[in-house]
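> Quick one, fold the following:
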Amino acid sequence: MKLFFKKNTLCFSVLAAILMVSIEVESWALALSTLLLIFRFGSEQKWWKNFSTLWVNIFSITSLCLVLAQFKTFLGQEASSTLLVMLASLRIADFKSDRDEKFLILLSFILVALKFLFSLDFFWFPIGGAIFLGLWRSLLAKDIKSPWKLTGYAALRSLPVVAILFFVFPRVQIPWARELGPLIPLSGMSESIGPGDISNLTLSQETAFRAHFVNFRPGMRDLYWRGAVLEEMNGFRWNKTNETTLEIPTTKEDIQFDYTVTLEPSNLRILPTLEHTRFISSPMITAVKTDRSIFKTNQIIGSRIQYKGLSTFSWNGKTIENPFQLSELPPQTQAWVTEVKLKKLNHIEKVQILKKFFLENNFSYTREPGTYANLDEFLFDRRLGFCEHFAGAYATLARALEIPARVITGYQGGEWNEAGDFLRVTQADAHAWTEIRNPSGSWIRIDPTFWIAPLRIELGGLNYFQLSPSDLKFDTGSAIEKLRMRGGNFAQLINTVQFQLDNLNFIWTRALLEFDMTEQQKLLKVLAPKIGWWITSFVFIFLLFIASKKVLFFKKTTPNQAIETFLWLQTEYEKRGFIRNPYEAPIVFLEKVKEKRRDDEKLINKTIELYRYERYRQRTSGPDDWSRLKYAWKKRLYENKS
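Now for the predicted structure:
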């Protein structure tokens, strides 16, 4: 049995490549993969017999069927990662030959490349680089001296090629390369919400996006990021209605954008934008704007993207087709609405009485409000709710009072990274609020959560949920100080380190994402202003070819002593009746001669060793080595001849 776990470099590199993509792998596949690896390890330790080829084939077919049944495709990050991890684990379980070893190395290269296709986080690059070096080291022959030195030297020589590829090779978008499997939303921008949907999401501190602002920093109260507009009411649940796509104004180069968003994968088409954003710009995506001022892409967002936005102070949006659509109201709610209507209030007075209702009835903000039978129980009995409860209830009462209203989902707040001066918005900042349409036709934001739990809006979701119940009585300044001092000096040090690492990652990501096709064209115009884009590209690709040929397939232009010596030796042996066939490699020919001339075995072995070192650059041989060898051959052959 060929041992896998005894090959330290290969074992480390392959297992590390599997671990790199394990985050995207389904739990059943990860469990099965772990089981296969444990079973293989035990069989190498002689604890039990290894799987037969039949069982490996059964596992392979089963894995393919499971992946196809769950994802309906083999494309996309999760589907392809799951499939490749299963293939690698099955190949380890059936590890028998050098061919299996080469196949495992190839799979590991693909796994690392797949990780880089979907993730640009800087900390993956040194890990991936170490795995690449280990895989290249595993490809070298066993008898090579200083293999790590040779591997590192080859890696350094390849860096110029990598640099040319990065700066010059066109950024080509391959539509199928980033397709997704199951469309499971990973964000707070849901197009349908009910009680508990957002409160469950806020348990996660995963980053949703990062935002960098140009020459200004908005206050926390102004950080409302719109994701979806919900206009259809169905009891406690609000749903999105049909939207009309609008033409986005063409972006001009002289326009100063307000902010830049680096969005994490969300498995949605929605682009979160700051309230009142007029239009966005990004060479990475094709975006459209709806008549509800929501921005969407034409493809599912399955990888990190970046775009810029320009916002204003207000907008006049399209009115709702059925602005007063309501489900049947329960008795107490209907009675309250009827009582208010009898007062014959104008628009401003209706808005004021709605605010007074939520301020004066002892509502409480909580992640765990429990379930409600109807709106009466929430508004007039228990009065415990999360943002979706307050937003939905306000919109319902506003519509009942003949005020056009709708529910908005997205994010509110975030956490400022002082080291990098950018805003990090997490899933804990997911939020829902209300918009009402005033008589002049403008949509105005109304957030009932601010009346119930002002600290939630002043601090953002991530910071608010770190407060203890006793901290909620503090004002904003005291609450911020409480958060800053939590855990003492050590906790502050940890936070500082986290901010610095997050900033470094953000800088790295922006540098990679911002160097797009447009930036490439600018660079090439600087390098060759009179040549043009396509001619310059051709020249650079040609230079790339020459450089790669020199770096990766370098051969001496001076006469090669290994070939000279072999050809001389071949001629001498042909005189003695040993004819080399056209298809025979030099080493094969010498091995054939050695079987017939055992007296020459020592010199033939020395020749093969030096030839291999010289031709495959496994060691540098000096001219004296070949001179001494040829002298020894002449002495040997002429002695035999005489």
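
> what about the strands in the stretch 1-150 of the chain?
Applying DSSP state E, counting those that start in this stretch to the stretch 1-150 of the chain gives no strands.

> which stretches of it form helices?
8-20, 27-44, 53-71, 77-93, 98-118, 124-139, 147-168 (DSSP state H, counting those that start in this stretch).

> Give me the residue ranges of the stretch 101-250 of the chain where confidence is low.
By pLDDT under 70, the weakly predicted segments of the stretch 101-250 of the chain are 143, 167-188, 246-250.

> How many residues are close by the closest residue to residue 332 other than its chain neighbours?
For residue 332, ignoring the flanking residues on the chain, the nearest one in space by CB to CB, 6 or more residues apart in numbering is residue 376 at 4.2 Å. C-betas here are computed from N, CA, C, even on glycine. Using other CB atoms under 10 Å as the criterion, residue 376 is surrounded by 17 other residues.

> And the contacts of the strand or helix carrying residue 376?
Assigned by DSSP states H and E, residue 376 falls within helix 375-377. The contact list for helix 375-377, computed with CB atoms under 8 Å, 6 or more residues apart in numbering, reads 235-236, 329-333, 393, 396.

> Distance from the helix or strand following that helix to the middle of the chain?
Next helix or strand after helix 375-377 toward the C-terminus (DSSP H and E): strand 384-385. Mean-position distance between strand 384-385 and its chain equals 36 Å (CA atoms, centre = their mean, to the nearest Å).

> what about the one helix or strand residue 508 maps to, average pLDDT?
When elements are assigned from DSSP H and E, residue 508 belongs to helix 488-514. For helix 488-514, mean pLDDT rounds to 72.

> same check, this time on stretch 87-100
In this model, stretch 87-100 carries a mean pLDDT of 86.

> In contact with residue 271: list those residues for me.
Going by CB under 8 Å, 6+ apart, the list of residues near residue 271 reads 261, 263, 280, 285, 287, 295-297, 301, 307.

> can you do 7 Å?
263, 280, 287, 295-297, 307 (CB atoms under 7 Å, 6 or more residues apart in numbering).

> Name the member of those residues with the most neighbours.
Going by other CB under 10 Å, residue 263 tops those with 24 neighbours.

> so what's residue 273 bridging to?
Beta-bridge partners of residue 273, counted by DSSP bridges, are residue 226.

> quick one: it and residue 224 touch, right?
No - counting by CB atoms under 7 Å, residue 273 stays clear of residue 224, with 9.9 Å between them.

> Give me the more crowded residue out of those two.
Set side by side, residue 273 and residue 224 show more neighbours around residue 273, with 27 against 21, by other CB under 10 Å.

> From residue 281, how far off is that one?
Using CB to CB, to the nearest Å, one obtains 12 Å as the distance from residue 273 to residue 281.

> Please apply the same query to residue 9.
From residue 9 to residue 281 the distance is 47 Å (CB to CB).

> Then residue 596?
76 Å.

> And residue 429, by the same measure?
Distance, residue 429 to residue 281, using CB to CB: 24 Å.

> The two: which is more packed in?
residue 429 (29 against 18).

> Now do stretch 97-107: distance to the chain's middle.
27 Å.
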